[in-house]
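>>> Kindly return the folded structure for what I paste below:
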Amino acid sequence: MPGKFPRGSVAYTQNGRRYTVEDVTDGTVYCVGENGAETEFAESALLTEVEWAARNEKRAGNVYDRIKRSRLYAAPPNSGTGAKLDRAAATTLLGRVDKLSPGILDFTAFTVAGRILAEAGEAHLADGLSISKCRAVFEAASPETRASLLAALLATPPDVLLGAARMGDNLMRALIEKGMAAQADAFDEFCDRPRS
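Now for the predicted structure:
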């Protein structure tokens, strides 16, 4: 009876490393990695291509729940000086930024989701993220959290952004332009993506 891993088949470790099977003897799978290194595993510790694909589909399905529960969305936001953010000021800031730079809040939500996946070792899932679902996760967070995430994206202390929201549009535009300068190309590319 053929085993789970015939010679030449592909096997995956639990963390997604890919190996080519050279031999299986008494429950031990002898493999070669993509870098040419030889190694061995217990057969029970490896997944077939079908098992790996099924596992990834399942994980991809609940990716937005994991993003929502991440440290970035769960951490209590503060002004950078340790003080709590003012909810009304955060709401004003978000409305003003959305009006002055359409798409920036979508970009923030999408970028934050990508960072969360990268920190979790799942950066490969980022390309398949839905902008609208990332935005839904973002909108489900408190205004203070959203303002804090936007401030991090713009590399600007939250209290500076909140203060600027109370002033004229020119100051806010300048802060947005300065904060987005390093990621202007990524934002332009993002704006060309289909909204799904």
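>>> only C-alpha atoms for contact and neighbour calcs from this point on.
Will do.
>>> what about Arg66, distance to Ala37?
34 Å (C-alpha to C-alpha, to the nearest Å).
>>> got it, and Tyr19?
Separation of Tyr19 from Ala37 (C-alpha to C-alpha): 9 Å.
>>> For these two, indicate the residue with more neighbours.
In this view Tyr19 and Ala37 are compared by other C-alpha atoms under 10 Å, and Tyr19 has more residues nearby, 24 against 9.
>>> so the more buried one sits right up against Ala11, yeah?
Yes: counting by C-alpha atoms under 8 Å, Tyr19 does reach Ala11; the two are 5.2 Å apart.
>>> Count the residues that sit near Glu40.
With other C-alpha under 10 Å as criterion, Glu40 counts 15.
>>> ok, now Lys99?
Using other C-alpha under 10 Å, Lys99 has 12 other residues around it.
>>> Quick check: it is in a strand.
No: secondary structure of Lys99 (DSSP: H, G, I helix; E, B strand; the rest coil): helix, not part of a strand.
>>> and the next element down the chain from the helix-or-strand element of the chain with minimal mean pLDDT?
Within the chain, no helix or strand scores below helix 49-61, which has a mean of 70 by mean pLDDT, DSSP states H and E. Downstream of helix 49-61, the first helix or strand assigned by DSSP states H and E is helix 63-68.
>>> Which elements pack onto the helix or strand hosting Thr91?
According to DSSP H and E, Thr91 maps onto helix 87-100. Of the remaining helices and strands, those touching helix 87-100 by 3 or more C-alpha pairs under 8 Å, 6 or more residues apart in numbering; DSSP states H and E are helix 104-119, helix 143-153, helix 158-165, helix 169-180.
>>> Pull out the buried positions in the last one.
It stands for helix 169-180. Buried positions in helix 169-180, judged by neighbour count with 16 or more other C-alpha atoms under 10 Å: 172-173, 175-176, 179-180.
>>> And the pLDDT at Thr39?
Per-residue confidence (pLDDT) for Thr39: 92.
>>> Endpoints of stretch 16-30, how far apart?
End to end - C-alpha to C-alpha - stretch 16-30 spans 17 Å.
>>> taking the mean pLDDT, what do you get for that stretch?
On average, stretch 16-30 scores 90.
>>> Then stretch 97-108?
93.
>>> could you dump it to CSV, C-alpha only?
What follows is stretch 97-108, C-alpha atoms only, in CSV (Å, rounded to 0.1, in the frame of the first residue of the first chain):
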residue,chain,number,x,y,z
VAL,A,97,-9.0,63.4,6.6
ASP,A,98,-11.5,61.4,4.6
LYS,A,99,-12.7,64.6,2.9
LEU,A,100,-9.3,66.0,2.2
SER,A,101,-7.7,62.8,1.0
PRO,A,102,-10.2,60.3,-0.4
GLY,A,103,-9.0,56.7,-0.1
ILE,A,104,-6.5,57.3,2.7
LEU,A,105,-8.7,55.6,5.3
ASP,A,106,-9.1,52.6,3.0
PHE,A,107,-5.3,52.6,2.5
THR,A,108,-4.8,52.8,6.3
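>>> All set, thanks.
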